[in-house]
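1. The sequence and its predicted three-dimensional model are supplied below.
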Amino acid sequence: MLKMFWRKISTSITGGAILIAFFSIIAKIVGLFRDRLLASTFGAGQTLDVYYASFRLPDFIFNTLMLGAFAAAFIPVFIKTWSANKEEGQRLINSLLNFFIITMLVLVGIGIALAPTIIDLITPGFSSVMKTETVELTRIMLLSIVFFAASNIFSSVLNAWRKFFLYSLAPIFYNIGIISGIIFIVPYYGQKGLAWGVLLGAFLHMIAQLSAALYHGWRWQAALRFSTEVKKIFTLMIPRTIGLGASQIEQVVIMSIASTLSIGSIAIFNLANNLQSFPVSIFGISMAIATFPIFSQAIADQRMDHFRGCFGISWRKILFVMIPLSVMILVTRAQIVRLFLGSGQFDWEDTYYTAQVLGVLAVSLFAQGSIPLLARAFYSLEDTKTPLITGVISVFINIVLGIYLSQHFGIIGLGISFSLANIFNMLTLLFILRERIGDLDDHNLINAIIKMTINSFLMGLVIYGLLHLLSSIVNMHTFLGIFLQASVALTGGLITYLLLAYRDQLNEWKMIMEQLKKFLPKNRLKENHE
């Protein structure tokens, strides 16, 4: 019974989605623990600025060439090849694996040689000592892209084979490697231990998926054939690679601007961004992934009404969660930062600025959570250009505003520009989609959004009031006191929001109640009898 259940959940699409979502949450929690260790050990200062800056060149190479672009192009081509001829499928895997490992090794060599020049360009505000340290860490981290290239190919193969377990665990292993570097390697090798921890994490990420691929039948071959399938995969990767390249340029420019600000600015922005991206990754992206096949099927069946209805329901679900979350994070930003990061070397000044950046980033959570859904709506219409164009324009807006606002507001200005660019991207995609497919149930959508916004504002007032009330009751100088203050205030706010949703009879409230009813004993007994 248990074996059958495990086989179903680890190989089926629905089970795979559950596994991926579950372990994504675990990976994010482990990632938050990683960030807390980094913050408490080093504070938002020179060491973490150097550490985060050292990611930029490796990330630029790997994320542009492979991450996201490879899997989308590889999986449909590989499935057809594997179904027709498994030997050809093995040769396709190995040809791509060997090609990308060789390519990455060459790029690593070039990156190591040019690191001083590149780091000088992308961190103009760093001192000569910080640039030297960044070069040292970058050269170590560059080696990680070889492991990640292999890992990305194995993960795509495992996805195609519907083997999701170790694929889902890999991000956790990566964070464990970094944590091990902080705890065990840094005491002996100083800040270089951080880079060696990243390399260890990348190796563990690869080993997890390599072992699964070997277990399920993959065998290495000295193949390097540029077959029709390989060429097709490279062709399909091009549009996505361009979009990812633009995103990486955006991150490089943001870091370059931050390097000219006060020491610790790069660390503050990265730590705040990691905190606010949690709900986007867990809810916004997962909702978009789950809805994408339904969009595609509706278009294939030429059922535009179903497409519009599905989009409207899915978008309202995202907004129902993201709008109040924005308010929750905005009101409790100081408590969140103090709970997750505020210990050891992470002092009050670090906490203050990280909280302010977190607050302005949280303002655009509704947009960040909506963009993945909107993009997939266009993908289902076989339009990959529109999300690419709007994304590139939003990158340009972010860069221009970032340069201007950082001169007036420092690192907080970069947070403002990031939020404004995401809101622009979301609104532009929504406007174009509305023009293309017609009425999106506009009246009900607008009515629901207004109610959600008002309810979220009232919820924010309740949270704010409870925070101030509890501040005089609990000990605000202890972790437990801050935890109690934040948890009670957020619980009170959440109850307020749900009660207001019940008052307004929002459809999202009804959906929640329908799901809860399934778990009530009476209903479960009824289902068993049926």
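-> Ah, there it is.
2. residue boundaries of the helices in the stretch 401-530 of the chain?
-> 411-437, 442-471, 479-504, 507-517, 521-529 (DSSP state H, counting those that start in this stretch).
3. Please apply the same query to the stretch 51-200 of the chain.
-> Using DSSP H, counting those that start in this stretch, helices in the stretch 51-200 of the chain cover 56-65, 69-84, 86-122, 128-142, 144-161, 165-180, 186-189, 192-215.
4. between those, which gets the lowest average pLDDT?
-> Of all those, the minimum mean pLDDT falls on helix 69-84 (a mean of 79).
5. Alpha carbons of that one, in CSV - could you do that?
-> Extracted in CSV, the C-alpha atoms of helix 69-84 (Å, rounded to 0.1, in the frame of the first residue of the first chain):
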residue,chain,number,x,y,z
ALA,A,69,15.9,28.0,-21.1
PHE,A,70,17.3,24.5,-21.3
ALA,A,71,14.5,22.5,-19.7
ALA,A,72,11.7,24.3,-21.7
ALA,A,73,13.5,23.4,-24.9
PHE,A,74,14.8,20.0,-24.0
ILE,A,75,11.8,18.2,-22.4
PRO,A,76,9.4,18.1,-25.4
VAL,A,77,12.1,17.2,-27.9
PHE,A,78,13.6,14.5,-25.6
ILE,A,79,10.2,12.9,-24.8
LYS,A,80,9.6,12.4,-28.6
THR,A,81,13.1,11.0,-29.1
TRP,A,82,13.0,8.7,-26.1
SER,A,83,9.5,7.4,-27.0
ALA,A,84,10.7,6.5,-30.5
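6. buried ones in that helix?
-> Buried residues in helix 69-84, defined by neighbour count with 16 or more other C-beta atoms under 10 Å: 69, 70, 71, 72, 73, 74, 77, 78, 81, 82. Yep, even glycine has a C-beta here, placed from its N, CA and C like the rest.
7. One more: stretch 364-376?
-> So stretch 364-376, judged by 16+ other C-beta under 10 Å, has buried residues 364-376.
8. and stretch 335-353, average pLDDT?
-> 89.
9. ugh, wrong one, stretch 506-523
-> Rounded mean pLDDT across stretch 506-523 is 59.
10. For residue 446, grab the count of nearby residues.
-> Using other C-beta atoms under 10 Å, the number of residues around residue 446 comes to 11.
11. Same check on residue 299?
-> 18.
12. Phi first, then psi, for it.
-> The phi/psi pair for residue 299 (degrees, to the nearest 10) reads phi -70, psi -40.
13. where's it relative to residue 307, distance?
-> As for residue 299, its distance to residue 307 is 6 Å (criterion: C-beta to C-beta, to the nearest Å).
14. what is in contact with the two at once?
-> Contact criterion C-beta atoms under 8 Å, 6 or more residues apart in numbering; residues shared by residue 299 and residue 307: residue 380.
15. Just put the buried residues of helix 69-84 in CSV and tack on distance to residue 348.
-> CSV is the format used below for those (distance: C-beta to C-beta, whole Å):
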residue, distance to residue 348
69, 42
70, 44
71, 43
72, 44
73, 48
74, 48
77, 54
78, 53
81, 58
82, 57
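16. In this structure residue 54 contacts residue 195, no?
-> Yes: assessed by C-beta atoms under 8 Å, residue 54 is found in contact with residue 195 at 6.4 Å.
17. hmm, back to that, if we take the buried residues of helix 69-84, which one ends up nearest to residue 389?
-> The shortest approach to residue 389 among the buried residues of helix 69-84 belongs to residue 69, at 17.0 Å (C-beta to C-beta).
18. Once you drop chain neighbours, what's closest to that closest one?
-> Using C-beta to C-beta, 6 or more residues apart in numbering and skipping residues adjacent in sequence, the residue nearest residue 69 is residue 240, 3.9 Å away.
19. From residue 336, how far off is that neighbour?
-> From residue 240 to residue 336 the distance is 33 Å (C-beta to C-beta).
20. And residue 421, by the same measure?
-> Taking C-beta to C-beta, one finds residue 421 at 23 Å from residue 336.
21. sorry, back to before: and the helices of the stretch 51-200 of the chain, which is most packed in?
-> Among these, the stretch with the highest mean neighbour count (mean count of other C-beta atoms under 10 Å) is helix 144-161, at a mean of 24.
22. what helices or strands is it leaning on?
-> helix 56-65, helix 69-84, helix 86-122, helix 165-180, helix 192-215 (3 or more C-beta pairs under 8 Å, 6 or more residues apart in numbering; DSSP states H and E).
23. where's that helix relative to the chain centroid, distance-wise?
-> Distance of helix 144-161 from its chain centroid, counting by C-alpha atoms, centre = their mean, to the nearest Å, is 18 Å.
24. Stretch 346-365 now?
-> Using C-alpha atoms, centre = their mean, the offset of stretch 346-365 from its chain centre is 18 Å.
25. do the same with stretch 205-221
-> 25 Å.
26. now what about that stretch, what contacts it?
-> With C-beta under 8 Å, 6+ apart, stretch 205-221 has contacts from 90-91, 93-94, 97, 147-148, 150-151, 154-155, 157-158, 161, 163, 165-167, 169-171, 173-174, 177.
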